[in-house]
Each structure stands twice: as C-alpha cells, then as structure tokens.
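Asker: Below are the sequence and a predicted model for it; my questions follow.
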Amino acid sequence: MTPVRKLVLLGTGLIGGSFALALKRVRLVQHVVGVGRNPDNLARAIELNVIDVATADAAEAVVDADLVLLATPVGQMGALMQRIAPHLAPGCLVTDGGSTKQDVCALFRENLPEHLAWCVPGHPIAGSDLSGAAAAQYGLFEGRRVVLTPLAETDPASTARIEALWQQCGAVVHTMQAAQHDGVFAAVSHMPHLLAFAYMNTVLARADADTCLEFAASGFRDFTRIAGSHPDMWRDIALANRSALLQDLKSCAAQLQQVIALVEAEDRDGMTDYFAQASKARVAWGNRKR
Ligand SMILES: NC(=O)c1ccc[n+]([C@@H]2O[C@H](COP(=O)([O-])OP(=O)(O)OC[C@H]3O[C@@H](n4cnc5c(N)ncnc54)[C@H](O)[C@@H]3O)[C@@H](O)[C@H]2O)c1
Ligand SMILES: O=C(O)C(=O)C[C@]1(C(=O)O)C=C[C@@H](O)C=C1
C-alpha cells in the first residue's frame, strides 16, 4: 500500500494523535504535521513522536499534503475548512474524526465545494475521557469500528483509500448514511455522556456531596468515567446532534418517571420486571462484545 507522504492533523489530540501513531507504526506515513493552538500540547506531541512538525497555521500546513484529518471539536471544523480551502492541492484527501456526521457533511459542502470528490467524512468509534496529544495511543483503533459517511460527491476511490488506512490502524470500517449515524450515536454515545454529566451534577448539588464522593466506589466509577470528558467537545456534539439527542433525552426522562413511579408505589414485581429487562439486555450485549 502506498504510504501517505504528508499527513496534516487539524487538531493534535487524542484522536488525531492516535491516528498518526497507528499509521507510523505500520510505516504508512512519512511526515506528520500537527496543527494546534496550544504550544505546550504541540511540544508534547513532538516529544512523544506523535507528530514531526508543529504549526498554528492550518493554511500553511496543508500545502503539499496528501491527507488532512480534521480532529478538533466539531464546532471548530467549519472555520478550519474555510481556512484550508484555497491551499489544498487537487487530490488531497480530507477526512475527519468528528462524533457527529450530518453537520460535518454540511460543512464539507459549504466550505470545500470544489473539493468534494476527495472529502470522506468519518468517525472512529473509539476514544476515552482523556484528551490532548499526551492521551494519544498506538492501539486505540485496534478491533474498533470506524463509520464512514461518504457524500454523494465523494469519489469511491477516496473512500476506498480512507477505508484502507483505517484498516491498517486495526479498525473495522462500516459505511452509513449520516442521518442514521447521528440517530444511532445519539442513543449509545451522546445521551450516556449527557446523563453522566447530569448525574454528576446531581451528586454535587447535595449538601453532603463531599462525603458522598469520599465513599463513592466502583458503581459510581463505572457510571461516571465519561463525565470527565472534555466539556467543549461535548457541547459541540450536543449542539450538532440537538434534535436526535433531545428526542432520546426526553424518552429517558419518561423512563426515569417510570422508575420514580415504581419506587413510590413500592411495586416489587414492577421493579423486578423493569430491572430484569434492562439487566438481561446488558448481559447479552456484554457477551456479544466479548
Ligand atoms: N474523545 C473521544 O472519545 C472521541 C472519539 C471519537 C471521535 N471523537 C471526535 O474527535 C474529535 C477530536 O476529539 P479528541 O478526543 O481528539 O479531542 P482532544 O481535545 O484530545 O483534541 C482536540 C485538539 O484540537 C485542538 N483544537 C481545538 N480547536 C482548534 C482549532 N480551531 N485549530 C486547531 N486546533 C484546535 C485542541 O487544542 C486539542 O488539542 C472531536 O470532533 C470528537 O468529537 C472523540
Ligand atoms: O470511551 C470513551 O470514553 C468514549 O466516550 C468513547 C466514545 C463513546 O461514546 O463510545 C465517545 C465519543 C465518540 O465519538 C466515540 C466513542
């Protein structure tokens, strides 16, 4: 497979950095330029060999690039696309790792209308609550899924090239419509993050919050790990996937009302049935994933 000559990361954090490391490991990239706004983060990225060169200037960085990965919070991507548009060589592939896809597809159309044949929107379904270049890991995408949502204008050869690169990072690639993607990930990624933030704030609102946190153990840890995720990233996701997310949050509020009613009524059988349905489905999911 032909290596990438010059990869530019627009956003040098967990996702961009892990993509660069994975391609470096299989010797499929010759030169990695990291673009960012935080000099300490970029210096750390060079130190950790995540990138070879750092700059704050996205436009200068993409000159002569053959692959650009947008890996900032999704709310930053439009301005970055606009900035790089005049400087992209024809044929330079532009992809992204954003967690929402309808908004990013619209941004590609709006900002890179002459370049769409080489634009491949994507989303690696792997990550963590950590952020920044220091959080980048070699094996992050190993055995994980990546969803691509190519545009009608995307050249199938561009999609095939991005798919092959993700496969070389160890990922299993799926293709989906952007609207379906956003619906699915509202339910299984975006909603649980917002619930974790809400739950955490519920505990913090108690007068004895410090004591609660002092005694919190593994149940709390498992439920709240993702509440430590980056607030800017999740604000942008909530705004971008607002309508699907609101639908799911409202269904969840209805479920909570149902739990409240069962507890208020001391409905033993109702509770057992309600909890058993969830427990059975969660155990089956865990077994399938093992
Ligand atoms: N964290 C996850 O679990 C995860 C998983 C899959 C996809 N994603 C998506 O990947 C993208 C990146 O997330 P991450 O976890 O790598 O975040 P991160 O915070 O680790 O990295 C993002 C980097 O972008 C930089 N940045 C922000 N605005 C910028 C701008 N205008 N110009 C240049 N650099 C800028 C930040 O300083 C930071 O270093 C997001 O769109 C997110 O939705 C995240
Ligand atoms: O492991 C985590 O901390 C994650 O939140 C990863 C996770 C997810 O919800 O599964 C978060 C956002 C992404 O867009 C993809 C993956």
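Answerer: The structure has been received and is ready for your questions. This one's a predicted model, so the numbers in the text were calculated from it and none came from an experiment. Ligands and ions are numbered 1, 2, ... in the order given.
Asker: okay, CA-based contacts and neighbour counts for the rest of this
Answerer: Noted.
Asker: Taking the stretch 151-290 of the chain, what residue is nearest to ligand 1?
Answerer: Among the residues of the stretch 151-290 of the chain, Met233 lies closest to ligand 1, at 5.6 Å counting by CA to the nearest ligand atom.
Asker: ok, which stretches of the stretch 51-200 of the chain are strands?
Answerer: For the stretch 51-200 of the chain, strands defined by DSSP state E, counting those that start in this stretch occupy the ranges 53-55, 67-70, 93-96, 119-120, 122-124, 145-148, 172-175.
Asker: Can you classify the residue of the stretch 151-290 of the chain closest to ligand 1 as helix, strand or coil?
Answerer: helix (DSSP: H, G, I helix; E, B strand; the rest coil).
Asker: That one reaches Ala71, doesn't it?
Answerer: No - assessed by CA atoms under 8 Å, Met233 is found out of contact with Ala71, at 10.6 Å.
Asker: between the two, who's got more neighbours?
Answerer: Of the pair Met233 and Ala71, Ala71 is the one with more neighbours under other CA atoms under 10 Å, namely 25 against 17.
Asker: can you tell me which residues contact the more buried one?
Answerer: If a contact means CA atoms under 8 Å, 6 or more residues apart in numbering, then Ala71 has 9-13, 15-16, 96-98 as its contacts.
Asker: in the stretch 101-250 of the chain, which spans are helices?
Answerer: Ranges of helices in the stretch 101-250 of the chain, per DSSP state H, counting those that start in this stretch, are 102-111, 156-168, 178-185, 191-204, 209-215, 218-224, 231-240, 242-264.
Asker: Now do the fourth one against helix 231-240, angle only.
Answerer: By that I understand helix 191-204. Here helix 191-204 runs at 120 degrees with respect to helix 231-240, directions being taken by axes from the mean of the first three to the mean of the last three CA atoms, to 10 degrees.
Asker: spatially speaking, which residue is in the middle of the protein?
Answerer: When the chain is reduced to its mean C-alpha position, the nearest residue by CA atoms, centre = their mean turns out to be Ser99, at 3.9 Å.
Asker: Quick check: the residue of the protein nearest ligand 2.
Answerer: Nearest residue of the chain to ligand 2, counting by CA to the nearest ligand atom: Ser128, 3.2 Å away.
Asker: how much space is there between that residue and His174?
Answerer: With the distance defined as CA to CA, to the nearest Å, Ser128 ends up 21 Å from His174.
Asker: if we can go back for a sec, and the strands of the stretch 51-200 of the chain as TSV, adding mean neighbour count, distance to Gly183 and mean pLDDT?
Answerer: Compiled in TSV, those are given as follows (neighbours: other CA atoms under 10 Å; distance: least, CA to CA, whole Å; pLDDT from 0 to 100):
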stretch	mean neighbour count	distance to Gly183	mean pLDDT
strand 53-55	18	36	98
strand 67-70	24	22	98
strand 93-96	24	19	98
strand 119-120	27	19	98
strand 122-124	25	14	98
strand 145-148	22	13	98
strand 172-175	17	15	98
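Asker: can you put these in JSON lines and add distance to ligand 1?
Answerer: Below are these laid out as JSON lines (distance: least, CA to the nearest ligand atom, whole Å):
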{"stretch": "strand 53-55", "distance to ligand 1": "9"}
{"stretch": "strand 67-70", "distance to ligand 1": "8"}
{"stretch": "strand 93-96", "distance to ligand 1": "8"}
{"stretch": "strand 119-120", "distance to ligand 1": "14"}
{"stretch": "strand 122-124", "distance to ligand 1": "5"}
{"stretch": "strand 145-148", "distance to ligand 1": "9"}
{"stretch": "strand 172-175", "distance to ligand 1": "14"}
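Asker: quick one, which of those strands is nearest to Asn241?
Answerer: Nearest to Asn241 among the strands of the stretch 51-200 of the chain is strand 122-124; the distance by CA to CA comes to 14.1 Å.
Asker: what about that closest one, distance to the chain center?
Answerer: Strand 122-124 sits 7 Å away from the centroid of its parent chain (CA atoms, centre = their mean, to the nearest Å).
Asker: Tell me the neighbouring strands of that strand, and mark each as parallel or antiparallel.
Answerer: Strand 122-124 has its sheet partners listed here by DSSP bridges as strand 145-148 (antiparallel).
Asker: quick check, the strand it pairs with touching ligand 2?
Answerer: No - in terms of CA under 6 Å from any ligand atom, no part of strand 145-148 sits within range of ligand 2; the closest distance is 9.4 Å.
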